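*Asks:* Prediction below, plus the sequence it came from.
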Amino acid sequence: MDRIQVPETEMNEKRLIDKLVTYTVEHEGSVFIIENVPARVNEETGEQFFSPSTVEELQLVIRSNRKPDRMIETPVYYFREKAA
């Protein structure tokens, strides 16, 4: 019996689910947290994929001087490797 070859992209597509995610990025010394971003998320790896229009909107939000919907205070830690 012959095996049917399914293209890898098609196989991966079946593992993607539509979700709203939180996108976090550092830009020019500031941290931006953007909530409720539509994404396709790989169920197995958690990798997030954004449509071109979503990427454009994310860039607009980051580059704009728009007042944020809310502000948070968050701690920052330095990662230190253990000495050998």
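*Replies:* Happy to help now that I have it. Numbering: from 1, shown residues only.

*Asks:* Assign residue 68 to helix, strand or coil.
*Replies:* coil (DSSP: H, G, I helix; E, B strand; the rest coil).

*Asks:* and what of residue 60?
*Replies:* Once three-state DSSP is applied, residue 60 turns out helix.

*Asks:* in the sheet, who's paired with residue 25?
*Replies:* Beta-bridge pairing for residue 25 (DSSP bridges): residue 32.

*Asks:* How about residue 42?
*Replies:* Here residue 42, judged by DSSP bridges, has bridge partners residue 16.

*Asks:* I'd say it and residue 15 touch.
*Replies:* Yes. The pair residue 42 / residue 15 is scored as a contact, 5.3 Å apart, by C-beta atoms under 8 Å. Quick note: C-beta positions are derived from backbone N, CA and C, even for glycine.

*Asks:* how many other residues sit next to residue 40?
*Replies:* Residue 40: 17 surrounding residues under other C-beta atoms under 10 Å.

*Asks:* I meant residue 62, not that one.
*Replies:* Residue 62: 15 neighbours (other C-beta under 10 Å).

*Asks:* Which pLDDT value belongs to it?
*Replies:* Looking at residue 62, its pLDDT is 93.

*Asks:* Going forward, the N-terminal residue is numbered 56.
*Replies:* Shifting the count to begin at 56 puts that one at residue 117.

*Asks:* quick one: contacts for it?
*Replies:* 80, 82, 87, 89 (C-beta atoms under 8 Å, 6 or more residues apart in numbering).

*Asks:* how far away is it from residue 82?
*Replies:* 5 Å (C-beta to C-beta, to the nearest Å).
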